[in-house]
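*Asks:* What would the 3D arrangement of this be:
(one chain, ligands or ions: 1)
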Amino acid sequence: MKSEEIKATDLNPQQFIAKKIVQISGAVGDEKAINALSGGVDSSTVTMLAHRALGDKLLTYFIDHGLMRQDEPQQISSLFREFGVNVEIIDAKDKFFNALKGITDPEAKREAIVQTFYKDVFGRLVRESGAKHLLQGTILTDVDETLAGIKRQHNVFEQLGIDPEQSFGYKIIEPLIQLRKDGVRKVAVALGLPESIYNRMPFLGPALAGRVIGEVTPERIKTVRQATIITEQELANTPAFQYMAILHADKVTGMRACLPTGKNGNLTAVRQVRDYGSQIEIRCWESIDARTATPTRLHWKILDRLAKRITTEVSGIVSVTYNITPKPPSTMEAV
Ligand code: XMP
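*Replies:* Model (predicted):
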């Protein structure tokens, strides 16, 4: 069943917050609830709503699955600790990499992440803490795309006929299910979250695993993470909705400068040698709510810098491309 949409233009954030606080504390009662914070605007907004509703009855975890961007677990946890939210980082890297081993199909990858998150990691946290509820930041766009069969979003269950209590042993509360991204940002502002959070570029639940085509390994995540640092630095000044680096599975023939030295140790002419390497695809999107999107017309100078930096600073990359296809028919992420 789909929830009725509240459009950002019709949303009164303070009324919404007051209503959700009552609903959350009513549903949880005297029990405990847990939630996972990733630092995205959706999970951050749910964390603050639930913190206001439940105080110490809320246990907030940052699941470090090894798929996040550089230093994200530490940065986000310390930011929320400043807001009085006691965030615990859970090291689950081995669990996720083991679950993803050998998988290349996009939907099978998403399913492996879903099962590891909800059954394995949250299942254990719920059992150990005695919590009965999990709060999460599913929004209407996640439900739409899952129901349309485009992508299995990592956080959609009931709308697919899956009962989380039966499958995983706990109830799921979704306070943002009637909103889209623009509405969530308004609520985040009203909750007093900083601009680094309410204007944070969307980042997908499956994290960098969704930006690796083919098998997800620690080495391939390291490669896409390095390309992501450069992409985010170079595109930081564009007003785009979202930008990303994607690691392709196919290798291509490239060449690399080799500086041979002569007999007496002096440098001789630069020689190019064959380098069979990997490819990074850059995407940069204009969008309001992620339902449709168009590629940003980036200046050639920016594209040129991205290509130069990624091929010299990221080991093993010999080719950088830019996606010029709108959504639809493309989707924003590659997996
Ligand atoms: P797509 O690739 O479906 O992305 O065009 C639309 C928006 O959704 C984000 N996205 C996800 N967010 N869980 C999430 O929380 C997911 O499984 C997921 N997959 C895609 C994507 O980053 C974009 O903003």
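*Asks:* and the stretch 51-200 of the chain, which of its residues are near the ligand?
*Replies:* By the rule Cβ under 6 Å from any ligand atom, the part of the stretch 51-200 of the chain lying against the ligand is 142, 145, 151, 153-154. Any C-beta I mention is one placed from the backbone N, CA and C, and that applies to glycine too.
*Asks:* Now the two most distant members of these.
*Replies:* Put simply, by Cβ to Cβ the two of these set farthest apart are Glu145 and His154, 11.3 Å from each other.
*Asks:* higher neighbour count, the two?
*Replies:* Comparing Glu145 with His154 by other Cβ atoms under 10 Å, the one with more neighbours is His154, at 21 against 17.
*Asks:* Now do the SS call for the residue nearest to that one when sequence neighbours are not counted.
*Replies:* Nearest residue to His154 in three dimensions, chain neighbours excluded: Gly205, at 3.6 Å (Cβ to Cβ, 6 or more residues apart in numbering). What DSSP: H, G, I helix; E, B strand; the rest coil gives for Gly205 is coil.
*Asks:* So Gly205 is in contact with Val156, correct?
*Replies:* No. Using Cβ atoms under 8 Å, Gly205 is not in contact with Val156, being 10.0 Å away.
*Asks:* Comparing these two, which residue is more hemmed in?
*Replies:* Comparing Gly205 with Val156 by other Cβ under 10 Å, the one with more neighbours is Gly205, at 24 against 21.
*Asks:* any residues touching stretch 85-93, and which ones?
*Replies:* Residues from elsewhere that reach stretch 85-93 (Cβ atoms under 8 Å, 6 or more residues apart in numbering): 37, 47-48, 51, 58-66, 73-74, 76-77, 80-81, 116, 120-121, 125, 218.
*Asks:* if we go to 10 Å?
*Replies:* Residues outside stretch 85-93 that contact it (Cβ atoms under 10 Å, 6 or more residues apart in numbering): 34-37, 44, 47-48, 50-51, 56, 58-68, 73-74, 76-81, 99, 116-117, 120-122, 124-125, 218, 221.
*Asks:* Please list the members of the residues you listed that lie in strands.
*Replies:* Under the assignment DSSP state E, those contribute 34-36, 58-64 to strands.
*Asks:* what's the neighbour count on Val126?
*Replies:* By other Cβ under 10 Å, the residues close to Val126 number 22.
*Asks:* give the contact list for the nearest residue to it once chain neighbours are set aside.
*Replies:* The shortest distance from Val126 to any non-neighbouring residue, by Cβ to Cβ, 6+ apart, is to Tyr170 (4.7 Å). The contact partners of Tyr170, taken as Cβ under 10 Å, 6+ apart, are 33-34, 118, 122-123, 125-127, 131-134, 164.
*Asks:* Now, of the residues you listed, which are buried?
*Replies:* Buried by 16 or more other Cβ atoms under 10 Å: 33-34, 118, 122-123, 125-126, 131-134, 164, out of the contacts of Tyr170.
*Asks:* Next, work out how far apart Asp180 and the ligand are.
*Replies:* Quick fix: residue 180 reads Arg, not Asp. 10 Å (Cβ to the nearest ligand atom, to the nearest Å).
*Asks:* Just confirm that residue contacts Leu140, I think it does.
*Replies:* Yes. Contact criterion Cβ atoms under 10 Å: Arg180 and Leu140 qualify, at 5.5 Å.
*Asks:* shared neighbours of the two, anything?
*Replies:* Common contacts of Arg180 and Leu140 (Cβ under 10 Å, 6+ apart): 5-6, 289, 291.
*Asks:* quick one on the thing from earlier: between the contacts of Tyr170, which is nearest the ligand?
*Replies:* Tyr118 (12.6 Å; Cβ to the nearest ligand atom).
*Asks:* Please enumerate the strands of this protein.
*Replies:* Remark: strands assigned in the chain by DSSP E are 33-36, 58-64, 87-91, 133-135, 171-173, 242-247, 252-258, 271-286, 294-295, 317-322.
*Asks:* Tabulate those strands (JSON lines), appending mean pLDDT.
*Replies:* Output for these, formatted as JSON lines (pLDDT from 0 to 100):
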{"stretch": "strand 33-36", "mean pLDDT": "96"}
{"stretch": "strand 58-64", "mean pLDDT": "97"}
{"stretch": "strand 87-91", "mean pLDDT": "97"}
{"stretch": "strand 133-135", "mean pLDDT": "95"}
{"stretch": "strand 171-173", "mean pLDDT": "94"}
{"stretch": "strand 242-247", "mean pLDDT": "98"}
{"stretch": "strand 252-258", "mean pLDDT": "92"}
{"stretch": "strand 271-286", "mean pLDDT": "96"}
{"stretch": "strand 294-295", "mean pLDDT": "98"}
{"stretch": "strand 317-322", "mean pLDDT": "98"}
